[in-house]
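*Asks:* Predicted coordinates and the sequence they were generated for:
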Amino acid sequence: MDMTRDFIEKLQEMDAPHEIDYSGRKFVDKEMSILPQEALAQPLKTSTLTSIVDYITSSTDSAALPANKFVIHIAEYGTVDLYRELNSDKRRDYLIHACAEKCGFRFGEFMPLEDFNINVQSLFKQDDNTAALLQFIGSVKSDSGVQQEDNGVTQKITANRGISLGISKEVPNPIMLKPYRAFTEIDQPQSAFVFRLQKDDRVGVTAALFEADGAAWKHEAIESIKNYLTKELDDQSVIILA
């Protein structure tokens, strides 16, 4: 190791930056970082839109940048962030990161009818469409003799009970449902799903839902979030970006 060279390089590193003129432009020979004049806040992590409304309306942390407006950024259907306007360093205080709970339904995956039934009841807003779907699912037993007719658009399944009784129902496709996929303060966006049934040698009849609206519901959810926040904060100094 060349100790003399290393010593010289160390001295150069400790030396102050030098300003260099080159082709009419000014450079420095060391990397320099600007020191902020104001410290920035770290965000609180929440899961509701109400937390953002309460933070603003209750004047929480009112001493932080009181001259600047709040900025709400609806990043996506399940994420909303609260900031302040730019400070003197051209940076923002990041106050709240609100992230909605993710929907636990396994879309695009076949599951046993009992699991499907429980998931539809617990993870979807209940209405006439979910009632019709649950009624149909309830008429099919995994230990029944099952006959299935499928034309690619609708399915008809007959569950034989005993020898002489059979229940025949037609399942419309697509079916319009409202899974809990966005913040609970807004009406859950409705979207189309393709409902399918298939027979499994191990568990019997299984069911699945496939998303069929090209994720258009996400745009509807963002618009609903914006409308909710606009209504709740109409008398506040707030900028809402969606």
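*Replies:* That came in fine, so what should we check first?
*Asks:* Not counting its own residues, what contacts the helix or strand containing His219?
*Replies:* Counting by DSSP states H and E, the element that carries His219 is helix 216-232. With contact meaning C-beta atoms under 8 Å, 6 or more residues apart in numbering, helix 216-232 is reached by 49, 52-53, 57, 72, 74, 76-78, 80, 181-183, 185-187, 189-191, 238, 240, 242. C-beta coordinates here come from the backbone N, C-alpha and C atoms, glycine included.
*Asks:* What's the ChimeraX syntax to select whichever of the residues you listed are buried?
*Replies:* Command for ChimeraX, covering only those of those found buried under the criterion 16 or more other C-beta atoms under 10 Å:
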select :49,52,53,72,74,77,78,80,181,182,183,185,186,189,190,191,238,240,242
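*Asks:* thinking again about what came up before, give me the distance from the helix holding His219 to the chain's centre.
*Replies:* Distance of helix 216-232 from its chain centroid, counting by C-alpha atoms, centre = their mean, to the nearest Å, is 13 Å.
*Asks:* about what we covered before: now, the contacts of helix 216-232 that are in helices?
*Replies:* Those of the contacts of helix 216-232 mapping onto helices are 52-53, 57, per DSSP state H.
*Asks:* And these, which is closest to Tyr94?
*Replies:* Minimum distance to Tyr94 across those is 12.7 Å, recorded for Ile52 (C-beta to C-beta).
*Asks:* separation between the closest one and Leu123?
*Replies:* Ile52 sits 25 Å away from Leu123, taking C-beta to C-beta, to the nearest Å as the criterion.
*Asks:* what's the answer for Asp93, then?
*Replies:* 36 Å.
*Asks:* Spatially nearest residue to the residue nearest the centre of the chain (excluding sequence neighbours)?
*Replies:* Nearest to the geometric centre of the chain sits Gly78, at 3.0 Å (C-alpha atoms, centre = their mean). Leaving out its chain neighbours, the residue that sits closest to Gly78 by C-beta to C-beta, 6 or more residues apart in numbering is Ala100, at 4.0 Å.
*Asks:* Same check on Ile72?
*Replies:* Nearest to Ile72 is Ile240, by C-beta to C-beta, 6+ apart, at 4.8 Å.
*Asks:* for the helix or strand where Asn117 lies, packing partners?
*Replies:* Counting by DSSP H and E, the element that carries Asn117 is helix 113-123. Identification of packing neighbours for helix 113-123 by 3 or more C-beta pairs under 8 Å, 6 or more residues apart in numbering; DSSP states H and E yields helix 128-138, strand 204-211.
*Asks:* Next, the angle from that helix to strand 204-211.
*Replies:* Angle between the axes of helix 113-123 and strand 204-211 is 40 degrees (criterion: axes from the mean of the first three to the mean of the last three C-alpha atoms, to 10 degrees).
*Asks:* Buried ones in helix 113-123, by neighbour count?
*Replies:* 113, 116-117, 119-120.
*Asks:* for stretch 225-234, same thing?
*Replies:* Result for stretch 225-234 [16+ other C-beta under 10 Å]: buried residues 225-226, 228-229, 232-233.
*Asks:* And stretch 86-101, by the same measure?
*Replies:* Buried-residue list, stretch 86-101, by 16+ other C-beta under 10 Å: 87, 92-93, 95-100.
*Asks:* ok, so of these, who is nearest Asp201?
*Replies:* Of all the buried residues of stretch 86-101, the one with the least separation from Asp201 (C-beta to C-beta) is Ala100, at 38.5 Å.
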